[in-house]
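A.B. asks: take this sequence and fold it.
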Amino acid sequence: MALPPAEGVGARIAAARRSRRLTQQELSAHAAVSVSMLKKVESGQRTPSDDVLDAISRALDVDSARLLGTVVHTGSRIHAAIPAIRLAIDAYDVPSDGPVRSLRSQRRAVAELEGWRLGSQYTSITEKAPELLAELARALHARSGPERLETAALLAAAYRSADAVAYKSGYTDLSARLVDLVRSTARLAEDPLLDAMAAYVRTEVFFLHRSEAGLQVGLRALEQAVDAAPAPVDPVSRAALGALHMRAAVVAGRLADSDGARQHMTEARRMAEAVREGVYLGTAFGPDSYRVHEIAVAVELREGARAVRTAGEWRPPADLPAERRSHFHIDLARAQLWQGMTGEAFDSLQTARRIAPQHVREHPQVRETLRSLVRADRRGRQELLSYAEWAKAI
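C.D. replies: Numbering: from 1, shown residues only. The predicted structure is shown next:
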């Protein structure tokens, strides 16, 4: 069995043990594992063997996949809909017979999907996406001229919404295929701004690598997209370029490249100052989105104090899309945790949950922060433990 980094396994074991109010000595006895071994596993000094991991998981009454961090936390309705999404994209070039609505009706349907994506309402997307993807594929084959170009653009946007479900829910293979379809249908639309949108979405493939090499490839791809993007002459083109710079700043920050991150944020701010906050090509962009990314980049650069200070001066407005607002509070919680502000960090996670519960429950950084809060908690607060169990962090 290929194990993830030992410190990840150890942190999950420690959090699960504390949630059950067991000492290391008690878990050692229940699992028939030496105390010294358990201490080394929890601290990340040792990787548990399969036998040790199985013994610990039995003693904690938790699936070993959860301790490994390989379990998918998808809700049952989302999980049940995934095969239909797979079938819809498998048949993209040989669509089945069926109805095709007018372009006007299809625009409304795609916009509805986009609204659910921005609001992190993934269950709603799964209920409508398979049928809409199949319909748009039929329309793409049936139409010609300008109508075909617009249908390609709509299909690219619909694939992007379906990808949000796959990516957030841990279906990484499906997500990678959907990203490829976003890119190919964007090219069919013959709109360079859609190419920029596709490059923005493509970055998540490199986030999944969780390696410096993968992130460097992702950053190069974003910078190439910046160079290829149309000149910023109107709000949509400015927003497309600004979004690319914002995402590049996050990737550079994750690579600990502070100079690169700040250069990209400078360009993003220049674009944000020239447009009103809004949704452009399916991405929220503007002055408020820029401020959310200020926190995100500070956190990626491990500048917790700066992130907390910036958040103290500004909070996202209620009309910003739910996913953007919840991201703000998730990142802020990480920064607060690093500053020893554990109570405030938990408050931030609770706020994020109220804003976008499906987004929060599937977010790996939420689970990491919760495990740290459980380990740091000396009172065994039931509210914290209940939240951590809800998020499958313990």
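A.B. asks: low-confidence ranges in the stretch 201-350 of the chain?
C.D. replies: For the stretch 201-350 of the chain, applying pLDDT under 70 flags no range at all.
A.B. asks: all helices for it, in order.
C.D. replies: 212-228, 235-254, 258-272, 287-300, 304-313, 322-338, 342-355 (DSSP state H, counting those that start in this stretch).
A.B. asks: now mean neighbour count and distance to Val179 too, for those helices, in JSON lines please.
C.D. replies: C-beta: built from backbone N, CA, C; applies to glycine. Shown next, in JSON lines, are the helices of the stretch 201-350 of the chain (neighbours: other CB atoms under 10 Å; distance: least, CB to CB, whole Å):
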{"stretch": "helix 212-228", "mean neighbour count": "16", "distance to Val179": "11"}
{"stretch": "helix 235-254", "mean neighbour count": "24", "distance to Val179": "14"}
{"stretch": "helix 258-272", "mean neighbour count": "19", "distance to Val179": "21"}
{"stretch": "helix 287-300", "mean neighbour count": "24", "distance to Val179": "21"}
{"stretch": "helix 304-313", "mean neighbour count": "16", "distance to Val179": "29"}
{"stretch": "helix 322-338", "mean neighbour count": "25", "distance to Val179": "18"}
{"stretch": "helix 342-355", "mean neighbour count": "20", "distance to Val179": "25"}
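A.B. asks: hmm, Glu323 is touching Gly115, no?
C.D. replies: No: assessed by CB atoms under 8 Å, Glu323 is found out of contact with Gly115, at 11.1 Å.
A.B. asks: ok, the spatially closest residue to Leu349 that is not a sequence neighbour - contacts?
C.D. replies: Distances taken as CB to CB, 6 or more residues apart in numbering put Ala333 closest to Leu349, at 4.9 Å, once the chain neighbours are dropped. Residues in contact with Ala333, defined by CB atoms under 8 Å, 6 or more residues apart in numbering, are Ala345, Phe346, Ser348, Leu349, Ala352, Val366, Thr369.
A.B. asks: and if you look at Ala243?
C.D. replies: For Ala243, counting by CB under 8 Å, 6+ apart, the contacting residues are Ala196, Tyr200, Ala268, Tyr280, Leu281, Thr283, Phe285.
A.B. asks: which of these lies closest to Gly340?
C.D. replies: Within the contacts of Ala243, proximity to Gly340 (CB to CB) peaks at Ala268, which comes in at 30.5 Å.
A.B. asks: ok so, going back, for the contacts of Ala333, which one is nearest Leu178?
C.D. replies: Val366 (23.2 Å).
A.B. asks: and the closest one, what does it touch?
C.D. replies: Per CB under 8 Å, 6+ apart, neighbours of Val366: Ile330, Ala333, Leu349, Ala352, Val360, Ala391, Ala393.
A.B. asks: equivalent analysis for Leu140, please.
C.D. replies: Arg148, Thr151, Ala152, Leu155, Thr185, Leu188 are the contacts of Leu140 under CB under 8 Å, 6+ apart.
A.B. asks: out of the residues you listed, list just those in strands.
C.D. replies: Counting by DSSP state E, no part of the contacts of Leu140 is found in strands.
A.B. asks: need these in TSV with neighbour count, can you?
C.D. replies: As requested, those are arranged in TSV below (neighbours: other CB atoms under 10 Å):
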residue	neighbour count
Arg148	17
Thr151	26
Ala152	23
Leu155	27
Thr185	25
Leu188	16
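A.B. asks: just name the closest of these to Arg262, please.
C.D. replies: Nearest member of these to Arg262, counting by CB to CB, is Thr185, at 34.4 Å.
A.B. asks: how close does the closest one sit to Val179?
C.D. replies: 11 Å (CB to CB, to the nearest Å).
A.B. asks: do the same with Thr23
C.D. replies: On the measure of CB to CB, Thr23 and Val179 end up 46 Å apart.
A.B. asks: pick out whichever of these two has more residues nearby.
C.D. replies: Val179 (21 against 11; other CB atoms under 10 Å).
A.B. asks: so that one is in which element?
C.D. replies: helix 172-188 (DSSP states H and E).
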